[in-house]
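Trainee: one predicted model, sequence on top.
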Amino acid sequence: NAGVTQTPKFQVLKTGQSMTLQCAQDMNHEYMSWYRQDPGMGLRLIHYSVGAGITDQGEVPNGYNVSRSTTEDFPLRLLSAAPSQTSVYFCASSYSIAPGQLNYGYTFGSGTRLTVV
Amino acid sequence: EDQVTQSPEALRLQEGESSSLNCSYTVSGLRGLFWYRQDPGKGPEFLFTLYSAGEEKEKERLKATLTKKESFLHITAPKPEDSATYLCAVQDLLSGGYQKVTFGTGTKLQVIP
């Protein structure tokens, strides 16, 4: 059982470049999300999805795009990378029994460490 | 605005020396409080969910408790393998759904043999 798989693990981009961070889960989870983790700050929500075809913005969405064409995949696109986007990015998923209820918490991927120079 | 404050920022314990980590929170209404463990270079690993004041959950040497304003993660007779950063997070009942989860910055625990 792979859980949540993120690729790549490390990436260096030049300012202005674009790229896609990949996230896939094999647990048939309805809910998927992207967080960034920066030193001294808690995990901050970028975008989330409650099911295929449905996405919404989180706390820090600017400069990022997402789509959810299947239950399994939830890619995060950086449109034009900036040094402020240097961070560790985590994809997380969850299965909710009742709408709006996080019964089991999140399953996180192992992260992508992104550096923008 | 929801807030989560964890203390201390860092804690160093001798093996076998029990202690507690604190998570104080402010939310409009609490749907759930979560504890995670994060090892260096890895994603957070889910430990517990607590839903209401007075609730307790246990897992091996860890015990989580919840009051109306804070949660404690008690570590009994810790071992070096308990060394990690422990994250607390809260889900706000009134935000409209499970997208509103606020994380604290964590307590970095080091257990010395």
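Mentor: Perfect, thanks for sending it. The structure displayed is predicted, hence computed values, not measured ones.
Trainee: does A:Ser33 belong to a helix, a strand or coil?
Mentor: Under DSSP: H, G, I helix; E, B strand; the rest coil, A:Ser33 falls in the strand class.
Trainee: which element is the residue nearest to it when sequence neighbours are not counted on?
Mentor: Spatial nearest neighbour of A:Ser33, excluding adjacent residues (C-beta to C-beta, 6 or more residues apart in numbering or on different chains): A:Tyr48 at 3.9 Å. C-betas here are computed from N, CA, C, even on glycine. Secondary-structure assignment from DSSP states H and E places A:Tyr48 in strand A:44-51.
Trainee: how far away is A:Asp26 from A:Glu72?
Mentor: To A:Glu72, A:Asp26 is 7 Å away according to C-beta to C-beta, to the nearest Å.
Trainee: residues of chain B that sit close to chain A?
Mentor: Residues of chain B found near chain A (C-beta under 8 Å from any C-beta of the partner chain) are B:4, B:31-32, B:34, B:36, B:41-49, B:87, B:89, B:91, B:96-99, B:101-106.
Trainee: now for the spatially most central residue of chain A: which residues touch it?
Mentor: Geometric centre of chain A, nearest residue: A:Trp34, 2.3 Å, by C-alpha atoms, centre = their mean. By C-beta atoms under 8 Å, 6 or more residues apart in numbering or on different chains, A:Trp34 lies in contact with A:21, A:23, A:45-48, A:58, A:64, A:66, A:74, A:76, A:89-92.
Trainee: quick check: closest non-adjacent residue to it.
Mentor: In space, and not counting its chain neighbours, A:Trp34 is closest to A:Ile46: 4.3 Å by C-beta to C-beta, 6+ apart.
Trainee: what do you get for A:Ser80?
Mentor: The nearest residue in space to A:Ser80 (C-beta to C-beta, 6+ apart) is A:Gly16, at 5.4 Å.
Trainee: one more: A:Lys14?
Mentor: Excluding the flanking residues, the one nearest A:Lys14 by C-beta to C-beta, 6+ apart is A:Val117, at 6.0 Å.
Trainee: my guess is the one you found contacts A:Gly16, does it?
Mentor: No - if you go by C-beta atoms under 8 Å, A:Val117 and A:Gly16 don't touch, sitting 10.8 Å apart.
Trainee: between A:Asp26 and A:Glu72, which has more neighbouring residues?
Mentor: Ranked by neighbour count (other C-beta atoms under 10 Å in any protein chain shown), A:Asp26 and A:Glu72 place A:Glu72 first, with 17 against 13.
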